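**Student:** Return a 3D structure for these sequence lines:
(3 chains)
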Amino acid sequence: MEFTAKQIAQFVQGTIEGDENASVHTFSKIEEGTAGSISFLANPKYIHYLYDTKSTIVLVDSQISIDRPVAPTLIRVDNARDCVARLLQLYEAAKPKKHGIDPLAFVSPKAKIGKDVYVGAFAYIADGVTIGDGSQIYPNVTIMDNATLGDNCLIYPQVSIYHDCKLGNNVTIHSGSVIGADGFGFAPNAQTGQYDKIPQIGIVTIEDNVEIGANTCIDRSTMGSTFVRKGVKLDNLVQIAHNTDIGENTVMSAQVGVAGSTKVGQWCMFGGQVGVSGHITIGDKVLLGAQSGAPSSLKSNQTLIGTPPMPQFAYFKSQALFQRLPEIYKQLNALQKEVEELKKKS
Amino acid sequence: MEFTAKQIAQFVQGTIEGDENASVHTFSKIEEGTAGSISFLANPKYIHYLYDTKSTIVLVDSQISIDRPVAPTLIRVDNARDCVARLLQLYEAAKPKKHGIDPLAFVSPKAKIGKDVYVGAFAYIADGVTIGDGSQIYPNVTIMDNATLGDNCLIYPQVSIYHDCKLGNNVTIHSGSVIGADGFGFAPNAQTGQYDKIPQIGIVTIEDNVEIGANTCIDRSTMGSTFVRKGVKLDNLVQIAHNTDIGENTVMSAQVGVAGSTKVGQWCMFGGQVGVSGHITIGDKVLLGAQSGAPSSLKSNQTLIGTPPMPQFAYFKSQALFQRLPEIYKQLNALQKEVEELKKKS
Amino acid sequence: MEFTAKQIAQFVQGTIEGDENASVHTFSKIEEGTAGSISFLANPKYIHYLYDTKSTIVLVDSQISIDRPVAPTLIRVDNARDCVARLLQLYEAAKPKKHGIDPLAFVSPKAKIGKDVYVGAFAYIADGVTIGDGSQIYPNVTIMDNATLGDNCLIYPQVSIYHDCKLGNNVTIHSGSVIGADGFGFAPNAQTGQYDKIPQIGIVTIEDNVEIGANTCIDRSTMGSTFVRKGVKLDNLVQIAHNTDIGENTVMSAQVGVAGSTKVGQWCMFGGQVGVSGHITIGDKVLLGAQSGAPSSLKSNQTLIGTPPMPQFAYFKSQALFQRLPEIYKQLNALQKEVEELKKKS
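**Tutor:** Below you'll find the predicted structure:
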């Protein structure tokens, strides 16, 4: 695919400075620019790259002032970063989609497969599975009995979807993620001196427009369903335990863990390696800094960090004083001595 | 499968209040009850659900008092939660088990397969593997040379079991877990200026009745074996490093990491995201709160939390004071000034 | 394979004490020694094992003094631990390598496969993939379009390598790891009230001699490449986010997470569960203790621990005082009272 500066400027509603017929076929970072690529410059701090770049076209934020001639064709726009994101989406959408059932796949005759579906080699689609129109199932995926996938899902290699789980439309799951493994439920049995397994007969429900990273785990509930609501985005290696409910448009970075039966609100953002206890409620728009640990429920509309989570500024003050504890303790002991001196005198 | 209140009451040794012929075919939470389902009520706090539920049968703890008529048939029992667990086990046990070797599986003619074994499509069973009676190997599993599995093992899709590893009876492993990858052993080589790999020629031994969650890793030892003892339960995304020994009936929540050559005792419970250092010994019945970090050995019979782990109450006190450090530091400095005033006067 | 004491002594340049024709075929720990195995003793603390061991040969550090006769043949060497590592390497190298394309694999006719390559059953090698000489692709691996692998790579079962990613020579990847899944990039869209995906059109580049553990994730960059440089060693369940650059010979223990666009220097060592923020720079030879959290850039040549990372000794002092905070706070309050008494008197 080859696009001219003129075509791109029309699409992003920008103004061309330079050759409107300059054409590109790929993207590059401005500092790694190559002929035939388009780059962007949104931060005036990096303007020096503009004078050296080999990129053919550069999208430049309109407020950046340029004080000498540059080689690439410029397209001036209000928000270069946004425009690039939109161009990338266009570029991705233009890629040919895989389709058809690979003869090396297994698709049960009792499965219901929509139109224009791709099922890759060595993918296993069990009895009773439903796959909606336009969905793509990559090689080596396993989808167990009676699971249902909506339209335009994208399931990368090595994903496992356990029996009866339900995925909405436009759900993307990256490699190695596991949807619907048994929740972690065991009860000590005094008679046998062992743990008994509590069977997990519920399911996982993933609503529309959810994206799940690689090697993430979402466990099926004991009864009923674990819910991942519309628009949720989970990064890699995230743990979502059984009986949880993750609210719409909530975003979790890599290696976050949410324990069982917890309800997380909408539009939350959790940094990497955050841990959230079980059986609690996190409100809407709760932002938790990386490595925070939430042992109890949190109200909506807070930006917190630490264990337990505190307002950011207070946390950073406490943290700074933690580092100075030896000095503070010395100060306290010196003061103690002075007071003892004073007491002797008085 | 359809069961009447009478059959269920006999099985759980309960007393019927209502229609003994009421029948159910599934389970539901009392707050999500549907006709044809059985629910339970163990906590008097949730009694309001009982008056609204659409469940056909409800198991109710005998000590819960009900002050007005209810729609569902009740079965009164001493411990409703336990009874439900037992019913769930019955329900699971009654499900038809998969069996037979799928023609799309590869089973080496040099493998030894027991009776009534299931091997799913695209599962790979290498030379010299032994699989005991009644074991179920789901699609896309890989079991490498000379590994042995006991009877009634349940190996979900995408699991890898490396060569020579040994699993006992009734071992369940959820999707994506990796048993027997190389332990993490490298030694800097002064001559080449690189790391040399230390080959890991040992194995992993998993004893009877172990359950392992999804995407968990248990590394093979350098020599000898990494051990996961009888009845251990590991949640998802857990890391068990090489040369470790995890004691009987120990339970680890998701994202726990145990470093190399550490010995963990029996009946321990580790909360989510706990980290345990290498080359140490954790005693029996050590309970570690979520996100704790254990840098050194811990004696038996302790409930601890934090890094390093402390008794819970002491930890919560220190944590509360950490949050108040700015205020404490102000108090100290104010006091310092007062003492200086006093000194001037004296 | 059977080796005599004489052959081994020649290889490790050691001196025999005992029967030079004693022969072994495997390794064992000295405390678990069996006839026909070789063990080592490097630490005088464990000399008691030498008197009881059933090992046929023991490599012993030359400075360890032995005060009574022992059963096994001894080989005296300057550094027993190193010699064992070299013997293990020899032993591993002597194992027969798998080769040939399994008839149950899928290899695209548009892929380019080197000499002496192994591709296992149910492995999927897509169009345009290049695999160098001597590489081994285990069963159930998926390698997507146009990815390239160098010579002598070792890719264990269930690994996913996404399209266009590049691996150098001698790259080992353990089961379940995912190379090149989409970086975690979403932008809120005020118009739709949802997140828009920022397509990730870059790749992952893994240089020579890298080893990657099981279930580790390395995300593709937004543009350009995520880099894992020569000789890097990553343990299991590690998260390497998009647009990062991990310097040569850096080592990360299990469950470490590095957020997006961060540059990590050479010869760093990160303990287990360390978290590193995005958009920062970690210098060379930075050693971070387990569970540390690095919110901002760190200069080279430091050994640090904690959140934010501090010099080890200072951290341990602060940590000890954290545990004593309740006592310190009591001391402060008592002092306050004494000062008030003094003020009354003065």
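
**Student:** Show me the domain layout of chain A.
**Tutor:** Under the assignment automatic domain parsing, the domains of chain A span A:3-94, A:100-313, A:314-345.

**Student:** B:G180: which of these is closest?
**Tutor:** B:G180 sits nearest to domain A:100-313 of all those, at 17.5 Å, using C-beta to C-beta. Bear in mind the C-beta positions are built from the backbone N, C-alpha and C, glycine included.

**Student:** Using PDB, write down the CA coordinates of stretch A:33-51.
**Tutor:** Once non-C-alpha atoms are left out, stretch A:33-51 reads as follows in PDB (Å, rounded to 0.1, in the frame of the first residue of the first chain):
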ATOM      1  CA  GLY A  33      13.200   7.400   9.700                       C
ATOM      2  CA  THR A  34      13.700   5.700   6.300                       C
ATOM      3  CA  ALA A  35      12.800   6.800   2.800                       C
ATOM      4  CA  GLY A  36       9.200   5.800   2.000                       C
ATOM      5  CA  SER A  37       8.100   6.100   5.600                       C
ATOM      6  CA  ILE A  38       5.900   8.600   7.500                       C
ATOM      7  CA  SER A  39       6.900   9.800  11.000                       C
ATOM      8  CA  PHE A  40       5.400  12.200  13.500                       C
ATOM      9  CA  LEU A  41       6.600  15.000  15.700                       C
ATOM     10  CA  ALA A  42       4.400  16.000  18.600                       C
ATOM     11  CA  ASN A  43       6.900  17.200  21.200                       C
ATOM     12  CA  PRO A  44       9.000  20.300  20.400                       C
ATOM     13  CA  LYS A  45      11.800  18.700  22.600                       C
ATOM     14  CA  TYR A  46      12.600  16.400  19.700                       C
ATOM     15  CA  ILE A  47      12.600  19.000  16.900                       C
ATOM     16  CA  HIS A  48      16.300  18.300  16.200                       C
ATOM     17  CA  TYR A  49      15.300  14.900  14.800                       C
ATOM     18  CA  LEU A  50      13.300  16.800  12.100                       C
ATOM     19  CA  TYR A  51      16.400  18.300  10.600                       C
END
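
**Student:** quick one: buried residues of it?
**Tutor:** The neighbour-count check on stretch A:33-51 (16 or more other C-beta atoms under 10 Å in any protein chain shown) flags A:G33, A:G36, A:S37, A:I38, A:S39, A:F40, A:L41, A:A42, A:I47, A:Y49, A:L50 as buried.

**Student:** Next: stretch A:11-23.
**Tutor:** For stretch A:11-23, by 16+ other C-beta under 10 Å, it's A:V12, A:G14, A:I16, A:E17, A:G18, A:A22, A:S23.

**Student:** is chain C contacted by it?
**Tutor:** No. With C-beta under 8 Å from any C-beta of the partner chain as the criterion, chain C is not reached by stretch A:11-23; the gap is at least 14.6 Å.

**Student:** Export that stretch to PDB, keeping only CA atoms.
**Tutor:** Extracted in PDB, the C-alpha atoms of stretch A:11-23 (Å, rounded to 0.1, in the frame of the first residue of the first chain):
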ATOM      1  CA  PHE A  11      -7.600  11.900   5.600                       C
ATOM      2  CA  VAL A  12      -6.200  13.700   8.700                       C
ATOM      3  CA  GLN A  13      -7.400  17.200   7.600                       C
ATOM      4  CA  GLY A  14      -3.900  18.600   7.600                       C
ATOM      5  CA  THR A  15      -2.000  21.200   5.600                       C
ATOM      6  CA  ILE A  16       0.900  20.100   3.400                       C
ATOM      7  CA  GLU A  17       4.200  22.000   3.400                       C
ATOM      8  CA  GLY A  18       6.300  20.500   0.600                       C
ATOM      9  CA  ASP A  19       5.700  17.900  -2.100                       C
ATOM     10  CA  GLU A  20       2.100  16.800  -2.100                       C
ATOM     11  CA  ASN A  21       3.100  13.800  -4.300                       C
ATOM     12  CA  ALA A  22       5.600  12.500  -1.900                       C
ATOM     13  CA  SER A  23       4.500   8.900  -1.100                       C
END
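
**Student:** just to revisit the earlier point, tell me which of the domains of chain A sits most buried.
**Tutor:** domain A:100-313 (a mean of 23; mean count of other C-beta atoms under 10 Å in any protein chain shown).

**Student:** That one vs chain C: in contact?
**Tutor:** Yes. Counting by C-beta under 8 Å from any C-beta, chain C has neighbours in domain A:100-313: A:104, A:120-122, A:138-140, A:156-158, A:174-176, A:209, A:211, A:213-215, A:231, A:233, A:235-237, A:249, A:251, A:253-255, A:272-273, A:290-291.

**Student:** Next, the distance between the ends of that domain.
**Tutor:** 55 Å (C-alpha to C-alpha, to the nearest Å).

**Student:** Next: stretch A:209-220.
**Tutor:** 20 Å.

**Student:** rewinding a little: quick one: which of the buried residues of stretch A:11-23 sit in strands?
**Tutor:** A:I16, A:E17, A:S23 (DSSP state E).

**Student:** Tell me what the first one is bridged to.
**Tutor:** Going by DSSP bridges, A:I16 is paired in beta bridges with A:I75.

**Student:** how about the residues of the stretch 201-346 of chain A near chain B?
**Tutor:** Residues of the stretch 201-346 of chain A that fall close to chain B, judged by C-beta under 8 Å from any C-beta: A:201, A:215, A:217, A:219, A:222-224, A:237, A:239, A:241, A:255, A:257, A:259, A:273, A:275, A:277, A:293, A:295, A:307-308, A:310, A:314, A:317-318, A:321-322, A:328, A:331-332, A:335, A:338-339, A:342, A:345-346.
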